[in-house]
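A predicted structure for the sequence below; I have some questions about it.
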Amino acid sequence: MKTVRLTMAQALLKFLDSQYVEVDGREYKFVRGVMGIFGHGNVNGIGQALEQGDTSLPFIQGHNEQGMVHAAIAYAKQKNRLQIWACTSSIGPGALNMVTGAATATVNRIPVLLLPGDIFATRQPDPVLQQIECPSDYTVSANDAFKPVSKYWDRITRPEQLMKACINAMRVLTDPVETGAVTLALPQDVQAEAYDYPISFFKKRVHVIDRRPLSVSARNRAVELISWSKRPLIIAGGGVHYADAQQELAQFAEQFGIPVAETQAGKSALPWDHPLYVGGMGVTGSKAANVLAREADLVIGVGTRFSDFTTASKTAFSPEASFLSINVNAMDAVKMNATAILADAREALRSLREALAERGYRSDYAPDYIRTLKSEWDAEVDRLYELASDKGLTQTQVLGEINRFVRSDDIIVAAAGGLPGDLHRLWRCREPKTYHMEYGFSCMGYEIAGAWGAKLAEPEREVYALVGDGSYLMLHSELITAVQEGKKITVLLLDNTGYQCIHQLQKGHGSEGFGNEFRFRSPETGQLTGPYLPIDFAAHARSMGLKAYTARTVEELRQALAQAREEQVSTLIDIKVLPGTGTGGYESWWRVDVAETSTSERVRQARAAFEERLKNATPW
């Protein structure tokens, strides 16, 4: 057996450089490179191997460990999970900074490979800098925190263990069902240890991702259920995109006259002006979708995990409604007590369309009913897009201006706060994969790093990060990475002076508002009730090498958008918007428990209303 003597870190990179995936006969190089921040836990291991340059894997310098993981997630999401970037960090705090990113990847079913440095396997210098000593278990390190948020976790304590760990890592990363964060904890001494690795370990490996076909029995169950339905509703989730099933979804809906609502992950599967597209589903959805959901006798989920936002905390549907769920993941397919159809979305829709056509099936919606609901909702969006105030810019007005300005293939990225609700309801997508929302984990700070990752995936497109001031302040460090790498993104920062989404949620449940706005502490009240903090985000952006503009009027916003498109470097527009000018719920409810006892009459009333709404939730 031929061997080559390499350090564990060198062998790891050489292995990653030879991994490919194949889907529908087309081959993709799976690992595109490594993002990292070096420290004593990885600089002389993976850092040395990267510097040695024996692979084709480029290195991108991150500026916050969580941020670079978010960028890697966004890259993989934009690439339909067919290509990834690995992320490496030092030990201790550097590694722990990646845990939030690991959870974001796992919740969203996105592959990401994390390579945190670890303490010495030999234990000779213990306790070392940044080591956590657990008195009851000395094998524990900070990297054990990755276990509950990783789909596969391993610690490489001997260089030969790398081979088994790498095979398992690729098994999970390329599995549409099991994919998520994969963490390989790498002790800093083992990274530098050499071993005679078999040459065969580094041969080109092609991991074939087979589409799961629809079985005959599953097809029969689904056809029988759909055939009896008169008012079905399709809910399209992220699985439609990952299966590249947008065309099949449109054909299926058109042939049988079934309206289509979308989750956050599924949005842009159909263009907004498609006659059967009825908008977002659930808490952040449209009135048209939520009215149809309440009336539906069958809900057909395609690639969705039926989160509480999609189901309006399980109150969106009639108690008598049946559910059919098409998904490759059995855990997701059985939610809402659904009839589970385990199959690739594209294959399932094709097969079901043929079988239902043979039966001559057609939904029983009254003529023009769906069109009327859609027209009414489109008029509401138009109204909100034009909703102005003499006190300043409203959030819906700003989104209308941006939506009209961007081109059909431009990508918008968002994640948390009030923007996901407004965007899900109002944003009009014209092409697939132009709406990039991280809402599985709703992770504040994803937006800018995510935009940078999306730009890395699709450098020919314009990419916009839509971010609130709260998220911007939490994590904006990867702006430096975008500047450093010469990849232009445009940040549209909606400054509404605080965590206004939670502020409005709080006030809607009996509170007067507490602790969520960016204000000075008042000497009179002793609380944060003084004037708003005057933050010049444009000046901050310029200090990092960006071009920047400030917009307080519609005219200034239009001018700034036009100028930003012409810029060659990353750009930020600081858009000052009025607090509390987003959208409300439309025929939906989201469960947020209210204090059962309180001295406040408003809170007591909110609790009574909460208990009343809770009666409408299904037990599933």
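In hand now; what should we look at?

can you list the domain ranges for this protein.
3-208, 216-373, 386-497+533-576 (automatic domain parsing).

what's the first-to-last distance across the longest one?
What that stands for is domain 3-208. End-to-end distance of domain 3-208 (C-alpha to C-alpha, to the nearest Å): 27 Å.

show me the beta-bridge partners of I326.
On the basis of DSSP bridges, I326 takes part in beta bridges with V302, I341.

dihedrals phi and psi, the residue nearest to the spatial centre of the chain?
Most central residue of the chain, judged by C-alpha distance to the mean C-alpha position with C-alpha atoms, centre = their mean, is E438 at 2.2 Å. Dihedral angles phi and psi of E438 (degrees, to the nearest 10) take the values phi -100, psi 100.

tell me which of the domains of the chain lies nearest to R607.
Shortest distance between R607 and the domains of the chain, using C-beta to C-beta, is found for domain 216-373: 15.9 Å. All C-beta atoms are positioned from the backbone trio N, CA, C, and that covers glycine.

how far does that closest one sit from the chain's center?
Between the mean C-alpha location of domain 216-373 and the chain-wide mean there is a distance of 21 Å, by C-alpha atoms, centre = their mean, to the nearest Å.

and Y532, what are its phi and psi?
Taking degrees, to the nearest 10 as the convention, Y532 sits at phi -60, psi 150.

surely it touches E517?
Yes: using C-beta atoms under 8 Å as the test, Y532 is close enough to E517 to be in contact (7.1 Å).

which of the domains of the chain sits closest to W589?
Taking C-beta to C-beta as the criterion, W589 comes closest to domain 216-373 out of the domains of the chain, the separation being 5.3 Å.

tell me the mean pLDDT for that closest one?
Per-residue pLDDT over domain 216-373 has a mean of 97.

identify each buried residue in the helix-or-strand element of the chain with minimal mean pLDDT, please.
One helix or strand of the chain scores below all others by mean pLDDT, DSSP states H and E: helix 500-507, with a mean of 85. Along helix 500-507, the positions that meet the burial threshold by neighbour count (16 or more other C-beta atoms under 10 Å) are Q500, C501, H503, Q504, Q506, K507.

JSON lines for the residues you listed, including distance to A261?
Written out in JSON lines, the entries for the buried residues of helix 500-507 read as follows (distance: C-beta to C-beta, whole Å):
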{"residue": "Q500", "distance to A261": "26"}
{"residue": "C501", "distance to A261": "22"}
{"residue": "H503", "distance to A261": "28"}
{"residue": "Q504", "distance to A261": "24"}
{"residue": "Q506", "distance to A261": "28"}
{"residue": "K507", "distance to A261": "28"}
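
closest to A169 out of these?
Distance from A169 was checked for each of these by C-beta to C-beta. The minimum falls on C501, at 36.7 Å.

count of neighbours near V112?
31 (other C-beta atoms under 10 Å).

off-centre distance for the next helix or strand along the chain from the least confident helix or strand of the chain?
In the C-terminal direction, the helix or strand that comes right after helix 500-507 (DSSP states H and E) is helix 537-543. Helix 537-543 has its C-alpha centroid displaced from the chain centroid by 27 Å (C-alpha atoms, centre = their mean).

does anything pack onto helix 537-543? Which helices or strands?
strand 490-495, strand 547-551, strand 571-576 (3 or more C-beta pairs under 8 Å, 6 or more residues apart in numbering; DSSP states H and E).

give me the mean pLDDT for that helix.
What helix 537-543 shows for mean pLDDT is 97.

ok, and what's touching it?
469, 472, 479, 491, 493, 495, 547-550, 572-574 (C-beta atoms under 8 Å, 6 or more residues apart in numbering).

show me which of the residues you listed is closest to L393.
Distance to L393, by C-beta to C-beta, is smallest for D495 among the contacts of helix 537-543, at 10.0 Å.

how close does that closest one get to K267?
Using C-beta to C-beta, to the nearest Å, D495 is found at 25 Å from K267.

in the longest helix along the chain, what counts as buried?
With DSSP state H applied, the helix covering the greatest number of residues in the chain is identified as helix 369-385. Residues of helix 369-385 classed as buried: I370, L373, K374, W377, D378, E380, V381, L384, Y385 (neighbour count, 16+ other C-beta under 10 Å).

repeat that for stretch 222-232.
Result for stretch 222-232 [16+ other C-beta under 10 Å]: buried residues A222, V223, L225, I226, S229, R231, P232.

do stretch 44-53 as well
Going by neighbour count (16+ other C-beta under 10 Å), the buried part of stretch 44-53 is N44, G45, I46, G47, Q48, A49, L50.
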